[in-house]
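**Q** give me coordinates for this.
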Amino acid sequence: MFDPSRFERIDPQTLNLKEYVISINRVTKVVKGGKNLSFSALVVVGDPEKHIVGFANGKAREVPAAIKKGIEAAKKDLYRIHVWKHTIRHPVLGKFGAAQVFLKPAPEGTGVIAGATVRAVVEAAGIQNVVGKVIGTNNPHNVVRATMDALLQLRDPEEVANLRGIPMEVLERKA
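**A** The predicted model follows:
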């Protein structure tokens, strides 16, 4: 499944990041004196040109502060996605909790055909043509994590050739 040791650290200062707010929840904590009201924001950030994406959850007393915290946390957890031309190389199924996200490559000109949550993650990663389907729960937190799981399953052809122990030319002939 997900192995963070496989990925290099990415410096957010060198990137042109775009932010997408997925969901904002009003949450309360019941205490002795009544209820403490705060907000939780799920945020995705990404650089579409460099195919880098990350997500995080921010919590604060006001919505703008929660969004800002989420963006700052997401910048600390960025991943490079292996994209082929304008789409992904092969179909993938990402899972997290009760959510499953199926992503399928699409021809040039198709666009992103997916729900709003999957669309935000895929667009932040810079994938222009893909078909996505959410299976199971549509909880935004689980869908974002399942989408990231699917995107992180995509591998670079050189990495696959090294894992198989074959030269890159043989792998290209099989494709």
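
**Q** need the residues that contact the lowest-mean-pLDDT helix or strand in the chain.
**A** Sorting the helices and strands of the chain by mean pLDDT, DSSP states H and E puts helix 168-174 at the bottom, at a mean of 73. Contact with helix 168-174 is made by 157-158, 160-161, 164, as judged by C-beta atoms under 8 Å, 6 or more residues apart in numbering. Where C-beta positions appear, they are placed from N, C-alpha and C, glycine not excepted.

**Q** out of these, which is most surrounded?
**A** Each of the contacts of helix 168-174 was scored by neighbours using other C-beta atoms under 10 Å; the highest score is Ala161's, at 17 neighbours.

**Q** and that one, that's in a helix?
**A** Yes - assigned with DSSP: H, G, I helix; E, B strand; the rest coil, Ala161 falls within a helix.

**Q** show me what contacts it?
**A** 167-168, 170-171.

**Q** among those residues, who's most crowded?
**A** Leu171 (15 neighbours).

**Q** quick check: the gap between it and Val83.
**A** 18 Å (C-beta to C-beta, to the nearest Å).

**Q** and the closest residue to Arg80 other than its chain neighbours, what is it in contact with?
**A** Distances taken as C-beta to C-beta, 6 or more residues apart in numbering put Ile52 closest to Arg80, at 5.4 Å, once the chain neighbours are dropped. When contacts are counted by C-beta under 8 Å, 6+ apart, Ile52 touches 10, 15, 46, 78-81, 125.

**Q** out of these, who has the most neighbours?
**A** Neighbour-wise, these (other C-beta under 10 Å) top out at Gly46, 28 neighbours.

**Q** how about that residue: which residues does it bridge to?
**A** Lys18, Val53 (DSSP bridges).

**Q** return the distance of it relative to Phe39.
**A** Taken as C-beta to C-beta, the span from Gly46 to Phe39 is 23 Å.

**Q** go on, Val118?
**A** Counting by C-beta to C-beta - Val118 and Phe39 are separated by 23 Å.

**Q** of the two, which one has the most company?
**A** Val118 (25 against 18).

**Q** send me the helix or strand hosting Val27 as PDB with only the CA atoms.
**A** For Val27, the host element (DSSP states H and E) is strand 18-31. The C-alpha trace of strand 18-31 is given here as PDB (Å, rounded to 0.1, in the frame of the first residue of the first chain):
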ATOM      1  CA  LYS A  18      -2.800  26.300  -6.400                       C
ATOM      2  CA  GLU A  19      -5.200  25.800  -3.500                       C
ATOM      3  CA  TYR A  20      -8.500  24.000  -3.600                       C
ATOM      4  CA  VAL A  21     -10.900  24.000  -0.600                       C
ATOM      5  CA  ILE A  22     -12.700  20.700  -0.600                       C
ATOM      6  CA  SER A  23     -15.000  21.000   2.400                       C
ATOM      7  CA  ILE A  24     -15.600  23.100   5.500                       C
ATOM      8  CA  ASN A  25     -17.200  21.600   8.600                       C
ATOM      9  CA  ARG A  26     -18.500  23.400  11.600                       C
ATOM     10  CA  VAL A  27     -17.600  21.400  14.700                       C
ATOM     11  CA  THR A  28     -18.500  21.900  18.300                       C
ATOM     12  CA  LYS A  29     -16.900  20.700  21.500                       C
ATOM     13  CA  VAL A  30     -19.200  20.400  24.500                       C
ATOM     14  CA  VAL A  31     -17.500  21.700  27.700                       C
END
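
**Q** much appreciated, bye for now.
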